[in-house]
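Next come a sequence and a model predicted from it.
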Amino acid sequence: MNYSYIFGTILFTVYGQLIIKWRIGLHGSLPESFFSKILFLFKLFADPYLLSGFFSAFLASLCWMAAMTKFSLNHAYPFMGLNFVLILLLSGLLFHETITALKVIGIILVVTGIIIGSQG
């Protein structure tokens, strides 16, 4: 059960990042002028999906606080590397972003680091 706090942190973080990427992509680029930037940001904050991404970040923080009551930081934190794995895979699947051989090698190294870092 204690690991569910860590995995909750990961899942809420990944959800938030993917939702923000998706919705920002639909709204376009940040405008140049200051006034246009302010209007753009208000438009973003009115998007319920983006708000769910922000709320997801808040839930991830709550899960992380719970995890910190159960684990030492140096045991729990290596699991945050799973964010990189999930984001890479899901960004390729959902947004058709390029997954190169070097990125796959990097992910293999991250997973290896998670396995080694979580021991003892």
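All right, it came through fine.

Now S33: phi and psi?
Reported as degrees, to the nearest 10, the phi and psi values for S33 are phi -80, psi 150.

Who are the contact partners of it?
By CB atoms under 8 Å, 6 or more residues apart in numbering, no residues touch S33. Any C-beta I mention is one placed from the backbone N, CA and C, and that applies to glycine too.

how close does it sit to L39?
9 Å (CB to CB, to the nearest Å).

Give me the below-cutoff pLDDT ranges for the protein.
120 (pLDDT under 70).

Show me what the longest helix seen in the chain is packed up against.
If you go by DSSP state H, the chain has its longest helix at helix 3-27. On a contact count with 3 or more CB pairs under 8 Å, 6 or more residues apart in numbering; DSSP states H and E, helix 3-27 meets helix 34-45, helix 48-70, helix 82-95.

List the buried residues for the first helix or strand past the longest one going along the chain?
Scanning the chain past helix 48-70 towards its C-terminal end, the next helix or strand to appear is helix 73-76 (assignment: DSSP states H and E). Residues of helix 73-76 classed as buried by neighbour count (16 or more other CB atoms under 10 Å): A76.

Kindly report the same for stretch 53-73.
For stretch 53-73, by 16+ other CB under 10 Å, it's 53, 56-57, 59-60, 63-64, 66-67, 71.
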